[in-house]
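[1] quick check, what structure comes out for this input:
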Amino acid sequence: QVQLVESGGGLVQAGGSLRLSCEASGRSFSSYAMGWFRQAPGKEREFVAAISRSGGTTGSADSVKGRFTISRDNAKNTVNLQMNSLKPEDTAVYYCAGARAGSFYYIDIKQYAYWGQGTQVTVSS
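    Numbering: from 1, shown residues only. Reported below is the predicted structural model:
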């Protein structure tokens, strides 16, 4: 089992950047594919980006491609989301999630069994 804690959220102007971090505790962090999801008020939680156990394979939603980058450091039990060129529509609570996995990552929210508490990102226009 793994426990996840996000940090790095905040208020930023459109065009700015933020870096979210997720620290995992528990055993075998490298056994988990990791993902970032977000949920805006009144909307369903949606996929943002994900990364394989080794970090060698990543994927992201079309809405953030070219702006957001996911990375992980298995030695430090962390996964990060670098968010650049932020837009007001990126405003949401961002969640880190983990899934026991094979070699790849998952974009399906149902594959993720472990979740952090979320961190608020607000982008002003």
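
[2] please enumerate the strands of this protein.
    In the chain, the strands defined using DSSP state E lie at 2-7, 10-13, 18-26, 32-39, 46-51, 58-60, 68-73, 78-83, 92-100, 114-115, 119-124.

[3] strand partners of the last one, parallel vs antiparallel please.
    Translated: strand 119-124. Strand 119-124 pairs in its sheet with strand 10-13 (parallel), strand 92-100 (antiparallel), by DSSP bridges.

[4] most centrally placed residue in this protein?
    W36 (2.2 Å; Cα atoms, centre = their mean).

[5] so what's that one up against?
    L20, C22, V48, A49, A50, I70, V79, L81, Y94, Y95, C96, A97 (Cβ atoms under 8 Å, 6 or more residues apart in numbering). C-beta coordinates here come from the backbone N, C-alpha and C atoms, glycine included.

[6] please name the nearest non-neighbouring residue to it.
    Closest residue in space to W36, ignoring its immediate chain neighbours: V48 at 4.3 Å, by Cβ to Cβ, 6 or more residues apart in numbering.

[7] that neighbour: what's it in contact with?
    Counting by Cβ under 8 Å, 6+ apart, the residues that V48 touches are G35, W36, F37, R38, S60, A61, V64, F68, L81, Y94.

[8] with A24 instead?
    Per Cβ under 8 Å, 6+ apart, neighbours of A24: V2, Q3, L4, Y32, N77, T78, V79, G98.

[9] who wins for neighbours among these?
    V79 (30 neighbours; other Cβ atoms under 10 Å).

[10] thought it was touching M34?
    Yes: if you go by Cβ atoms under 8 Å, V79 and M34 touch, sitting 4.3 Å apart.

[11] tell me the pLDDT at N74?
    N74 is assigned 95 on the pLDDT scale.

[12] quick one: low-confidence parts of this protein?
    Within the chain, no stretch has pLDDT under 70.

[13] wait, which of the contacts of A24 is closest to G116?
    Of all the contacts of A24, G116 sits closest to L4, with 3.8 Å by Cβ to Cβ.
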